[in-house]
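Novice: Here's my sequence, what's the structure:
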Amino acid sequence: MSSLSGALTEVVARVFDELGLPAEYGRVTISNRPDLGQFQCNGALAAAKAAKQNPRAIAEQVMAKLQVMPQLRDTSLAGPGFINLSVTDERLAEHANWMAGDERLAVTRKRPEMVVLDYGGANIAKAMHVGHLRAAIIGDSLRRIFSFAGDNTVGDVHMGDWGLQMGMLISELEIRRPDLPYFDPNFKGPYPNASPVTVTELEEIYPTASAACKADPARNERARVATAELQQGRPGYRALWQHFFDISVEVLKRDYGALGVHFDLWKGEAHVDPLIGPMVEKMKAMGLAEVDQGALIVRVARPDDKKEIPPLILVKRDGAAMYSTTDLATIVDRVNEQNPDLILYIVDQRQHLHFEQVFRAAIMASLNGKAKMEHLGFGTMNGPDGKPFKTREGGVMKLQDLIAMMTGAALDRLKEQGLATDYDEAERKDIAKKVGLAALKFADLSNHRIANYVFDPDRFVRFEGKTGPYLLYAAVRIKSILRKADAQGDRPGTILPPEPGERDLVLALGALPDAIQAAYDERAPNRIADYAYGLAQTFSTYYNQFHILSEQNDALRRSRLGLAALTLRALELSLSLLGIEVPERM
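Specialist: Here you go, the predicted structure:
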């Protein structure tokens, strides 16, 4: 990533190297004391410790070489050896014009790696609900960030379609409709092409079956047996599973698509069932799998563990596979099909122990090839009571209902603000949907993924404060400025050295690559959300302070239009990496 701080790092690193000190100590960052300088380098302290010298003496030697460099207008020392730097206005303008002329806004591509991102986790036969929201939003944003950085990415929905819920559905359907051919062990086929139930019917069947299984041990045993027979290949059950899978995927694609989230792979746990047998045999042959109380387990605890890590269960006593089994087989499948360098699991933080067990077992059995594996956990979206968000009736809200609610709230807020009132209904609804989704996504992504947050739609759809609608409005306002400029024959031009009140905007623009790099390194989209909000605020201050369209000096007017156009591109790129689409107007 190439930013102003990155360019300065190259300069200061050479100075450290010339002084016989490791170049990495020359790292320059944006200053946390802008009253002292635009940038800072704290490397003299670390260098002094390694070289057993006085840090201020080292900083003074570095300063002596920096003071003669023409791109720096000011250098100073603070404390025991903090170096403060400010670049000339000419250098700021040079960097801004370089960004404006670069299609990637000075964000350089990294060496590509193959990265598989697992950020779905929805179950077939169940409606998507708010519990699926964070994985989808965070995972989609991370995929966009990794793709833009230069990696080859594959998004995998990884549906739950092979566990006890399948046995519950199959056994419940058999109770209701025992005449269906899927339950006749003597039926030779072929089975019907059409599903005997709709998705709506499945959504009713599952909670009924689940409640019955919880209430009656015998009913639960029937579901358990059906699950085992499904996994062992009973033809009628496999045919039913395929029906459930096909009609569920159609609805899942609709619901994820409404959220603006997409996947390359629409596989479930069942897809890797053929890989489980050979994988288990390999782990037996390696001496990793052992029988314990009738189940097959892998002991993954280490002597230096600070907490208890239970064994991973490969196969239950009844022969059924566990989530851990299918997750291991999924790693095998991904290594076979994608040969990834990295696999990212964007899954609820409460599953961290599960992934610790799976990763350890995969490494012990050499199932992961060259791939590193990371669990990127996230917190919960809570209601005002601090508990996971529920509807007013106490149920879990369906995702399509949530999107409709946010769109409706956005329509109301647009009306209150007097925005989009004279547009036709189709465009107004389209804008409202974009505003609603921006409100929803930005509210999530502006928090660090591990944090819990309170779902507050009234606050999320405001056009003031740190919200998605505020950022959309900031971008749309710049679009309006540029359209008006175009109508009067003005075009963005060369960006001139900034006046004192313009420096903050140019510096903010120059920090875009830093924000993207931080989001990539930390797997944290909130770094881009914070950047976008700060940039929008800075432009708002600039807009209120300087004339743009009414500026009489032609060169200055075109320069300011150039800054506006560059700001719009930086905002649109940032928002696109968050999965947020900007309307043309409001």
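Novice: Against D412, how distant is V347?
Specialist: From V347 across to D412, the span is 34 Å (Cβ to Cβ, to the nearest Å). Where you see a C-beta, it was placed from the backbone N, CA and C, and this is true even at glycine.
Novice: Neighbours of the nearest residue in space to Q417 that is not next to it in sequence, how many?
Specialist: Excluding the flanking residues, the one nearest Q417 by Cβ to Cβ, 6 or more residues apart in numbering is F463, at 5.7 Å. F463 has 20 neighbouring residues, counting by other Cβ atoms under 10 Å.
Novice: How about the one 10 residues further on?
Specialist: Burial measure for Y473: 22 neighbouring residues, criterion other Cβ under 10 Å.
Novice: any weak-confidence spans in the stretch 251-400 of the chain?
Specialist: For the stretch 251-400 of the chain, the stretches flagged by pLDDT under 70 are 390-395.
Novice: ok, which stretches of it are strands?
Specialist: Ranges of strands within the stretch 251-400 of the chain are 289-292, 295-298, 312-315, 342-345, 372-375, 381-382, based on DSSP state E, counting those that start in this stretch.
Novice: Name the residues of the fifth one that come out as buried.
Specialist: It refers to strand 372-375. Of the residues in strand 372-375, 373, 375 count as buried by neighbour count, 16 or more other Cβ atoms under 10 Å.
Novice: which ones are touching A570?
Specialist: Applying Cβ atoms under 8 Å, 6 or more residues apart in numbering, one finds that A570 lies in contact with 105, 509, 512, 535.
Novice: Between which two of these is the distance greatest?
Specialist: Farthest-apart pair in the contacts of A570 is L105 and L535; separation 11.8 Å (Cβ to Cβ).
Novice: what touches both of the two?
Specialist: Counting by Cβ under 8 Å, 6+ apart, the common neighbours of L105 and L535 are 512, 570.
Novice: what comes into contact with stretch 321-334?
Specialist: 116, 156, 158, 162-163, 231, 267, 269, 271-273, 275-276, 279-280, 312-316, 340, 343, 354-355, 357-358, 361-362, 365, 367-368, 371, 373.
Novice: measure stretch 172-192 end to end?
Specialist: 19 Å (Cα to Cα, to the nearest Å).
Novice: List the contacts of the most far-flung residue of the chain relative to its centre.
Specialist: Taking Cα atoms, centre = their mean as the measure, the residue most remote from the mean C-alpha position of the chain is N186, 49.2 Å away. By Cβ under 8 Å, 6+ apart, no residues touch N186.
Novice: Tell me the confidence at it?
Specialist: On pLDDT, N186 comes in at 92.
Novice: you'd agree it is in a helix?
Specialist: No: according to DSSP: H, G, I helix; E, B strand; the rest coil, N186 belongs to no helix; its state is coil.
Novice: Quick check: the gap between it and V154.
Specialist: Distance, N186 to V154, using Cβ to Cβ: 43 Å.
Novice: Ok, K316 next?
Specialist: Separation of K316 from V154 (Cβ to Cβ) stands at 31 Å.
Novice: what stretches of this protein score poorly on pLDDT?
Specialist: Residue ranges of the chain with pLDDT under 70: 1, 390-395.
Novice: Could you rerun that using 80?
Specialist: Scanning the chain for pLDDT under 80 picks out the ranges 1-2, 126-127, 318-321, 388-396.
Novice: now the strands: where do they sit in it?
Specialist: Using DSSP state E, the strands found in the chain span residues 29-30, 39-41, 72-78, 82-87, 114-118, 152-156, 289-292, 295-298, 312-315, 342-345, 372-375, 381-382, 453-454.
Novice: The nearest residue to R109 once chain neighbours are set aside: neighbouring residues, count only.
Specialist: The shortest distance from R109 to any non-neighbouring residue, by Cβ to Cβ, 6+ apart, is to G150 (3.6 Å). G150 has 15 neighbours, counted by other Cβ under 10 Å.
Novice: quick one: contacts for G150?
Specialist: 109-112.
Novice: next one: R91
Specialist: So R91 contacts Q71 (Cβ under 8 Å, 6+ apart).
Novice: Please tell me how far it sits from V15.
Specialist: As defined by Cβ to Cβ, R91 lies at a distance of 17 Å from V15.
Novice: in stretch 250-257, what's buried?
Specialist: 251-252, 255-256.
Novice: My error: substitute stretch 509-520 in the last question.
Specialist: Buried residues in stretch 509-520 (16+ other Cβ under 10 Å): 509-520.
Novice: Mind checking which of those residues land in helices?
Specialist: Mapping the buried residues of stretch 509-520 onto helices (DSSP state H) picks out 509-510, 512-520.
Novice: Nearest to C213 among those residues?
Specialist: C213 has its nearest neighbour among those in A519, at 43.1 Å by Cβ to Cβ.
Novice: Return the residues in contact with that closest one.
Specialist: Contacts of A519 by Cβ under 8 Å, 6+ apart are 145, 525-528, 577.
Novice: can you redo the buried residues of stretch 250-257 as TSV with distance to A59?
Specialist: Output for these, formatted as TSV (distance: Cβ to Cβ, whole Å):
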residue	distance to A59
V251	62
L252	58
D255	57
Y256	53
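Novice: Which residues are in contact with the nearest residue to R462 once chain neighbours are set aside?
Specialist: Excluding the flanking residues, the one nearest R462 by Cβ to Cβ, 6+ apart is P469, at 6.5 Å. The contact partners of P469, by Cβ under 8 Å, 6+ apart, come to 410, 413, 435, 438-439, 460-463.
Novice: do you know how far P469 is from V300?
Specialist: Distance, P469 to V300, by Cβ to Cβ: 47 Å.
Novice: Break the chain down into its domains, please.
Specialist: Domain ranges of the chain: 4-87, 164-258, 399-577, per automatic domain parsing.
Novice: Just put those in CSV and tack on distance to D305.
Specialist: Listed next are those as CSV, based on distance: least, Cβ to Cβ, whole Å:
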stretch, distance to D305
domain 4-87, 32
domain 164-258, 30
domain 399-577, 22
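Novice: A122: which of the ones you listed is closest?
Specialist: Nearest to A122, of all those, is domain 164-258, at 5.7 Å by Cβ to Cβ.
Novice: That'll do, ta.
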